[in-house]
Every structure is written in structure tokens, then in C-alpha cells.
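In: Okay, sequence plus prediction incoming.
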Amino acid sequence: MEKKGKENGVAAMAACYQRFDPAAYLQYNYTPPRADFERKDSIVPWKLACLHRAFTEGDVSGEVLVDIGSGPTLYQVLSGCEVFNKVLLTDYLEVNRQELRRWLQDEEGCNLDWTPYLQHVCKLEGRRPSAWMEKAAKLREVITDILPVDVHHPQPLAPDALPSAGADCLVSCFCLESVSPDLATFTRALGHIGRLLRPGGHLLLIGALGESYYFGGPGVKIPVVPLNEAQVCGSLKESGFTLIRLEVYTLPQDMRVGVDDVTGVFFVKARKD
Ligand SMILES: Nc1ncnc2c1ncn2[C@@H]1O[C@@H](CSCCNC[C@@H]2Cc3ccc([N+](=O)[O-])cc3CN2)[C@@H](O)[C@H]1O
């Protein structure tokens with residue numbers, strides 16, 4: 001019974017994602033107020049600051065960075081692209097991989113202008129904002145693949161996707177809790193992606209606290225397993241990670257815009273045992 005229940009939950013979740021709408025999702029979460037670079041308390045600048053610090057404080061290095069569950073967004077690797085010379089983006093849905101490919105190939109039809117993001121991260125790096133074009137070129141140089149991924153598989157990526165030693169660093173933002181029907185499935189998925197990482201490699205994990213649903217498009221209500229900090233820390237420990245740092249952002253009232261019921265966002269830096 002238990003096994004059947006687990007498979008049903010994951011299958012039901014996969015069915016929800018067939019209606020995911022990248023353009024709407026980007027609009028909901030990656031435009032003001034949640035992405036307002038003039039506001040100190042906006043969520044996206046907070047996330048970019050966490051990622052910038054984590055990638056540049058000296059302990060993260062290597063060849064290969066993998067972003068798990070990229071969705072249609074690039075912000076996750078704007079700092080990491082300066083540290084790694086091979087970056088892999090991944091997502092479960094072809095519509096998201098297509099959105100990413102459109103930007104990478106500098107094609108028409110992108111659903112979001114990433115320029116303000118590139119300019120903001122250049123500022124964090126102490127560069128002039130006009131260096132954003134160099135950062136865009138750097139991204140297009142180091143992002144070598146956009147691959148399918150399924151975190152519910154013990155081997156989430158194709159066998160030949162990574163060097164045998166594994167990736168040197170993983171980043172994953174708002175994915176695991178949004179694709180797992182319950183905490184046990186979240187923890188199992190964390191273990192699956194952990195197996196992609198070499199021992200001593202780093203995991204940078206951003207996710208939602210207290211979220212039970214979000215809209216992945218107009219009328220596309222997707223269930224989420226609500227997490228608290230203690231559960232995140234417990235899952236990391238159970239999946240063979242040592243926590244280095246946990247930071248939490250609590251959403252001000254005007255960041256609660258009706259597209260989900262998120263109360264907070266966590267940022268984790270951890271190392272694979
Ligand atoms: N089995 C699977 N394996 C891997 N990826 C999978 C799988 N199934 C679906 N996916 C893939 O995972 C998905 C990743 S996007 C998930 C959205 N997460 C919730 C959303 C995000 C968000 C953003 C910003 C803020 N904020 O406060 O600023 C709050 C929130 C909270 N709401 C999607 O790309 C899907 O395509």
C-alpha cells in the first residue's frame with residue numbers, strides 16, 4: 001500500500017506540471033514586487049545576495065556546477081558562472097528547457113528580460129553595471145547543456161551527464177518541496193540529487209517555508225509540502241549533508257501577492273559528507 005501511495009503522489013504531481021506555464025510563473029515571481037532591485041527587502045535581491053556570498057567566500061570551487069530543477073529561470077547561476085567553467089541547467093519540462101534555450105541562443109520570444117538581474121549581480125561583484133553584457137557572454141560560454149531531470153529517480157540525470165566523480169557543486173531553488181507530496185518524498189529526492197555530488201562538494205539549496213500550494217499558471221494550483229526550518233535541517237542530515245549555513249527570509253505582507261501561500265524562504269549552504 002505504502003509503495004503504491006508514494007507512486008500515486010508523485011504521478012499526481014507530474015500530472016499537475018503538464019499545465020505549468022513558464023511565462024505566467026515568471027510574471028508571478030520574477031517581476032516586482034518580488035523582484036524589485038530598488039527595494040532592500042525584495043526577495044530576489046535577498047536570494048542573489050545569498051548566492052553571491054556562497055559562491056565567492058572561498059570554499060566553493062571545481063569544474064562542474066549543476067542547477068537542479070532550473071524551471072524557466074537563470075538567476076540561480078549568475079554568480080556561479082564566474083566560479084565554474086561547466087554549468088548544467090536541468091528541468092523536468094521541455095517548455096522550461098525551451099525557455100532557457102531561447103535566452104542562451106539569444107533568440108526572440110524570451111518571457112523575461114534578465115538584464116536587471118545581470119546588472120544587479122555585477123554590482124554585487126563590484127563591477128560596473130554595464131559589465132552585464134560580459135556576464136551574459138560568460139553565461140552563454142559556460143552553460144554547456146540543458147538536460148531533463150527527475151528528482152524522484154534514484155539517478156535524476158542521464159548516466160553520461162556528469163563526470164564519474166560527480167558534480168563539484170549543486171544549486172537547486174524552489175524545486176524539491178514543489179514536486180514532493182510529503183516530507184518523506186522531499187527527503188528521498190534530496191538523497192537522489194545528493195548522489196550527483198562528489199563527497200566534499202557543496203549544495204546551495206533555496207526553498208519555500210510554510211508553502212502548501214502555488215500557482216504555476218492561471219488556475220494551475222500545484223500542491224507543495226509545507227516545510228519548516230527543523231524539517232529542512234533534518235532532511236539534510238538524513239541525506240548525508242553537513243549544514244554550513246541556514247539563512248531565512250520572512251515575507252513582508254506586500255510580498256504575499258496571492259500566487260502562493262509562502263511565509264518564508266530558506267537558503268542553505270551545505271557540504272556532502
Ligand atoms: N520530478 C521532477 N524533478 C525535477 N524537477 C521537476 C520535477 N517535477 C517538476 N519539476 C520542475 O520543478 C519546478 C521548479 S519551479 C517550482 C516552483 N516553486 C514554488 C514557487 C516558486 C517561488 C519563487 C519565488 C518565491 N518568492 O517568495 O520569491 C516563492 C516561490 C514559491 N512558489 C518546475 O520547473 C518543474 O518543471
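Out: Received the coordinates, thanks.
In: State the pLDDT value of residue 3.
Out: On pLDDT, residue 3 comes in at 60.
In: swap in residue 226?
Out: 98.
In: Taking the centroid of the protein, which residue is nearest it?
Out: residue 173 (2.1 Å; CA atoms, centre = their mean).
In: check contacts around the spatially closest residue to it that is not a sequence neighbour.
Out: Leaving aside its chain neighbours, residue 173 sits nearest to residue 206 (4.1 Å; criterion: CB to CB, 6 or more residues apart in numbering). Yep, even glycine has a C-beta here, placed from its N, CA and C like the rest. Taking CB atoms under 8 Å, 6 or more residues apart in numbering, we find residue 206 in contact with 47, 50-51, 76, 171-174, 265-268.
In: How about the residues of the stretch 51-200 of the chain by the ligand?
Out: Within the stretch 51-200 of the chain, the positions near the ligand by CB under 6 Å from any ligand atom are 69, 71, 91-93, 96, 149-152, 174-175, 178-179.
In: coming back round to it: quick one: strands adjacent to the helix or strand hosting the residue nearest to residue 173?
Out: For residue 206, the enclosing helix or strand under DSSP states H and E is strand 197-209. The pairing partners recorded for strand 197-209 under DSSP bridges are strand 167-173 (parallel), strand 264-272 (antiparallel).
In: burial of residue 68, as a residue count?
Out: When neighbours are counted by other CB atoms under 10 Å, residue 68 registers 26.
In: Verify the stated contact: it with residue 151.
Out: Yes: at 6.5 Å, residue 68 counts as touching residue 151 under the criterion of CB atoms under 8 Å.
In: what touches both of the two?
Out: Taking CB under 8 Å, 6+ apart as the criterion, residue 68 and residue 151 both touch 175, 193.
In: all strands in the chain, in order from the N-terminus.
Out: 64-68, 86-91, 143-148, 167-173, 197-209, 213-215, 221-223, 241-250, 264-272 (DSSP state E).
In: And the contacts of the third one?
Out: Read that as strand 143-148. Contact with strand 143-148 is made by 70, 77, 81, 86-92, 97, 100-101, 104, 157-158, 161, as judged by CB under 8 Å, 6+ apart.
In: Report the buried members of the residues you listed.
Out: Using 16 or more other CB atoms under 10 Å as the burial test, the contacts of strand 143-148 include 70, 77, 81, 86-92, 97, 100, 104, 157, 161 as buried.
In: picking up where we left off before, spit out the contact partners of the residue nearest to the centre of the chain.
Out: Taking CB under 8 Å, 6+ apart as the test, what residue 173 contacts is 47, 67, 69, 71, 73, 75-76, 205-207.
In: Please name the residues that touch residue 37.
Out: With CB under 8 Å, 6+ apart, residue 37 has these contacts: 44-45, 116, 119-120.
In: And it, how far from residue 228?
Out: Distance, residue 37 to residue 228, by CB to CB, to the nearest Å: 29 Å.
In: Residue 40 now?
Out: 26 Å.
In: More neighbours: the two, which one.
Out: Between residue 40 and residue 228, residue 228 has the larger neighbour count (other CB under 10 Å), namely 13 against 8.
In: surely that one meets residue 209?
Out: Yes: Residue 228 is within contact range of residue 209, at 6.2 Å (criterion: CB under 8 Å).
In: Common neighbours of the two, please.
Out: By CB under 8 Å, 6+ apart, no residue touches both residue 228 and residue 209.
In: Only C-alpha atoms, please: export the lowest-mean-pLDDT helix or strand in the chain in PDB.
Out: Lowest mean confidence among the helices and strands of the chain (mean pLDDT, DSSP states H and E): helix 2-17, at a mean of 82. C-alpha atoms of helix 2-17 as PDB (Å, rounded to 0.1, in the frame of the first residue of the first chain):
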ATOM      1  CA  GLU A   2       2.700   2.400   1.100                       C
ATOM      2  CA  LYS A   3       4.700   2.000  -2.200                       C
ATOM      3  CA  LYS A   4       1.500   2.500  -4.200                       C
ATOM      4  CA  GLY A   5       0.700   5.600  -2.300                       C
ATOM      5  CA  LYS A   6       4.200   7.000  -2.900                       C
ATOM      6  CA  GLU A   7       4.000   6.400  -6.600                       C
ATOM      7  CA  ASN A   8       0.400   7.800  -6.900                       C
ATOM      8  CA  GLY A   9       1.500  11.000  -5.100                       C
ATOM      9  CA  VAL A  10       4.500  11.500  -7.500                       C
ATOM     10  CA  ALA A  11       2.400  10.700 -10.500                       C
ATOM     11  CA  ALA A  12      -0.400  13.100  -9.500                       C
ATOM     12  CA  MET A  13       2.300  15.800  -9.100                       C
ATOM     13  CA  ALA A  14       3.700  15.100 -12.600                       C
ATOM     14  CA  ALA A  15       0.200  15.500 -14.000                       C
ATOM     15  CA  CYS A  16      -0.100  18.900 -12.400                       C
ATOM     16  CA  TYR A  17       3.100  20.000 -14.100                       C
END
